[in-house]
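Visitor: Okay, predicted coordinates and the sequence, questions at the end:
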Amino acid sequence: MRGSIQDSQVDLCGELGHREEEEEFLPLRPEDRFGFCCKGCGGCCKGREDIVLSGYDLYRLCVRLSLAPDLVLNAFCRLYMGSVSLLPVVRLQPRRDTGNNCPFLYKNRCSVHEAKPLVCALYPLGQTIELNGRVSYFCQDDGCGGPRREFLLRDYLNASGIAQREALDVEWARLNIRLSKWVKTAAPRIQRIRLKLAQRKICHALYLDYDFGREYRPQLKENLCALWPVLERLLGAEN
């Protein structure tokens, strides 16, 4: 089991706030093959405190569970402000009564498999998204044992549903980069109460103000249209 991680340390994309030295991985091309070992033990779902959800991840869980976002947040997640991004961060809250495991892990199986978060669907792949929208994938197999399986990257992304949602994930990443830059630029020169109010408005626009009976993307666009003028008033003109 991993040691306990403070909320403020885990920022967007599951990054630690103190920026630990990262291991470099070679990006895979769509036609490249990669392999990993898996014995189906559910070990990759245990002792994890760094499973960060995007707004779309949370929405998909709401659809799967037929629950409103605030209920899913209160029951299965932690919500706080990232120390690096200064933006709201939502991550799965491990269950202490099951040894710090994922709240959706049941008998070593995912009980929300068809709506699992992106980071879980990717595993053992990692993903990076650059500001220009370029997406890279790399393999981070931790060698848990069991039979080795090999896949063509293109086939794996299609079969797991990652390719189908990639454009939305790129949009989400670029949106958060933009918002983070705006908030961090404004933070030193505005009153703390205005910063907190701006962060609250961002949280509602990105995570909370959604109806799981409607499609996600149109709601995101509606929320952003309402958010921009509010942020201009609270934070000042965007830089």
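Guide: Structure received.

Visitor: host element of the residue lying closest to residue 183 once chain neighbours are set aside?
Guide: The shortest distance from residue 183 to any non-neighbouring residue, by Cβ to Cβ, 6 or more residues apart in numbering, is to residue 86 (4.6 Å). All C-beta atoms are positioned from the backbone trio N, CA, C, and that covers glycine. Taking DSSP states H and E as the definition, residue 86 sits outside all helices and strands.

Visitor: can you give me the strands in this protein?
Guide: 33-37, 52-53, 77-81, 88-92, 105-106, 109-110, 125-129, 135-139, 148-152 (DSSP state E).

Visitor: can the ones you listed go into JSON lines with extra columns for mean pLDDT?
Guide: Output for those, formatted as JSON lines (pLDDT from 0 to 100):
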{"stretch": "strand 33-37", "mean pLDDT": "88"}
{"stretch": "strand 52-53", "mean pLDDT": "96"}
{"stretch": "strand 77-81", "mean pLDDT": "95"}
{"stretch": "strand 88-92", "mean pLDDT": "96"}
{"stretch": "strand 105-106", "mean pLDDT": "90"}
{"stretch": "strand 109-110", "mean pLDDT": "90"}
{"stretch": "strand 125-129", "mean pLDDT": "92"}
{"stretch": "strand 135-139", "mean pLDDT": "93"}
{"stretch": "strand 148-152", "mean pLDDT": "89"}
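
Visitor: what's the closest of those strands to residue 215?
Guide: In terms of Cβ to Cβ, the element of the strands of the chain nearest to residue 215 is strand 52-53, at 18.2 Å.

Visitor: can you list contacts of that closest one?
Guide: Strand 52-53 has contacts (Cβ atoms under 8 Å, 6 or more residues apart in numbering) with 10-14, 61, 77, 89-92, 117, 119.

Visitor: Listing partners with orientation, what would you give for that strand?
Guide: Strands that pair with strand 52-53, judged by DSSP bridges, come out as strand 88-92 (antiparallel).

Visitor: ok, what's across the strand from the most centrally placed residue in the chain?
Guide: Centroid check for the chain by Cα atoms, centre = their mean gives residue 53 as the closest residue, at 3.1 Å. Beta bridges link residue 53 to residue 90 when assigned by DSSP bridges.

Visitor: In the contacts of strand 52-53, find the pair that's most separated.
Guide: Maximum pairwise distance among the contacts of strand 52-53 (Cβ to Cβ): 20.4 Å, between 11 and 61.

Visitor: Need the pLDDT of the nearest residue to residue 82 once chain neighbours are set aside.
Guide: Distances taken as Cβ to Cβ, 6+ apart put residue 11 closest to residue 82, at 3.7 Å, once the chain neighbours are dropped. Turning to residue 11, the model gives it a pLDDT of 87.

Visitor: Then residue 24?
Guide: Confidence at residue 24, expressed as pLDDT, is 65.

Visitor: pLDDT below threshold where in this protein?
Guide: Where the chain drops to pLDDT under 70, the residues are 1-9, 14-24, 141-143, 239.

Visitor: can we see that at 90?
Guide: Across the chain, the ranges flagged by pLDDT under 90 are 1-26, 35-50, 95-101, 106-109, 123-124, 130-133, 140-149, 237-239.

Visitor: which residues of it fall in helices?
Guide: Listed in chain order, the helices of the chain (DSSP state H) span 55-65, 69-76, 118-122, 153-159, 162-186, 192-203, 216-235.

Visitor: Quick one: list the elements packing against the fifth one.
Guide: On a contact count with 3 or more Cβ pairs under 8 Å, 6 or more residues apart in numbering; DSSP states H and E, helix 162-186 meets helix 55-65, helix 118-122, strand 125-129, strand 135-139, helix 153-159, helix 192-203, helix 216-235.

Visitor: Including distance to residue 35 and mean neighbour count, could those go into JSON lines?
Guide: Listed next are the helices and strands packed on helix 162-186 as JSON lines, based on distance: least, Cβ to Cβ, whole Å; neighbours: other Cβ atoms under 10 Å:
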{"stretch": "helix 55-65", "distance to residue 35": "27", "mean neighbour count": "21"}
{"stretch": "helix 118-122", "distance to residue 35": "15", "mean neighbour count": "20"}
{"stretch": "strand 125-129", "distance to residue 35": "12", "mean neighbour count": "18"}
{"stretch": "strand 135-139", "distance to residue 35": "8", "mean neighbour count": "18"}
{"stretch": "helix 153-159", "distance to residue 35": "11", "mean neighbour count": "16"}
{"stretch": "helix 192-203", "distance to residue 35": "40", "mean neighbour count": "16"}
{"stretch": "helix 216-235", "distance to residue 35": "33", "mean neighbour count": "15"}
